[in-house]
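In: Everything below, folded, please.
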Amino acid sequence: SREFRLGGAVLALTPREHAVLETLILRANKATAKTLLAESVFGFDDDANPAAIEIYVHRLRKKLDGSGVEIVTLRGLGYVLRADDAG
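Out: Residues are numbered from 1 along each chain as shown. Take a look at the predicted model:
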């Protein structure tokens, strides 16, 4: 597992969760397609299943809950990482 620091909290992430979160961070506030996330997780493997990304996003949302950072679904586009600027 890998650690990710968010404020004062440390999140334990699997390597694949880390790859998804890293890609979303690099593209913060921009739509990121599932296919791009799948490439970051699985490489260019033809058997990579973009639907598996939904599982990693679900797990990340649970781990990020209450942190002021959220992963928002953009229907038909993918996901976007947003941070609460109120803190």
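In: So which elements touch the lowest-mean-pLDDT helix or strand in the chain?
Out: Least confident helix or strand of the chain, by mean pLDDT, DSSP states H and E, is strand 2-6 with a mean of 83. Counting contacts by 3 or more C-beta pairs under 8 Å, 6 or more residues apart in numbering; DSSP states H and E, the secondary-structure elements packed against strand 2-6 are strand 9-13, helix 15-26. (Each C-beta comes from the backbone N, C-alpha and C, glycine too.)
In: Quick one: low-confidence residue ranges for the chain.
Out: 45-48, 85-87 (pLDDT under 70).
In: okay, which residue is most central for it?
Out: residue 21 (3.4 Å; C-alpha atoms, centre = their mean).
In: Roughly how far does that residue sit from residue 68?
Out: Using C-beta to C-beta, to the nearest Å, residue 21 is found at 15 Å from residue 68.
In: what about residue 69, distance to residue 78?
Out: 17 Å.
In: Residue 67 now?
Out: 21 Å.
In: next one: residue 55
Out: For residue 55 relative to residue 78 (C-beta to C-beta), the value is 15 Å.
In: try residue 17
Out: Noted for residue 17: a distance of 17 Å to residue 78, by C-beta to C-beta.
In: How about the contacts made by residue 56?
Out: For residue 56, the contact set (C-beta atoms under 8 Å, 6 or more residues apart in numbering) comprises 16, 17, 20, 37, 41.
In: Please repeat the previous calculation with a cut-off of 6 Å.
Out: Shown in contact with residue 56 (C-beta atoms under 6 Å, 6 or more residues apart in numbering): 16, 17, 20.
In: what kind of secondary structure is it in?
Out: helix (DSSP: H, G, I helix; E, B strand; the rest coil).
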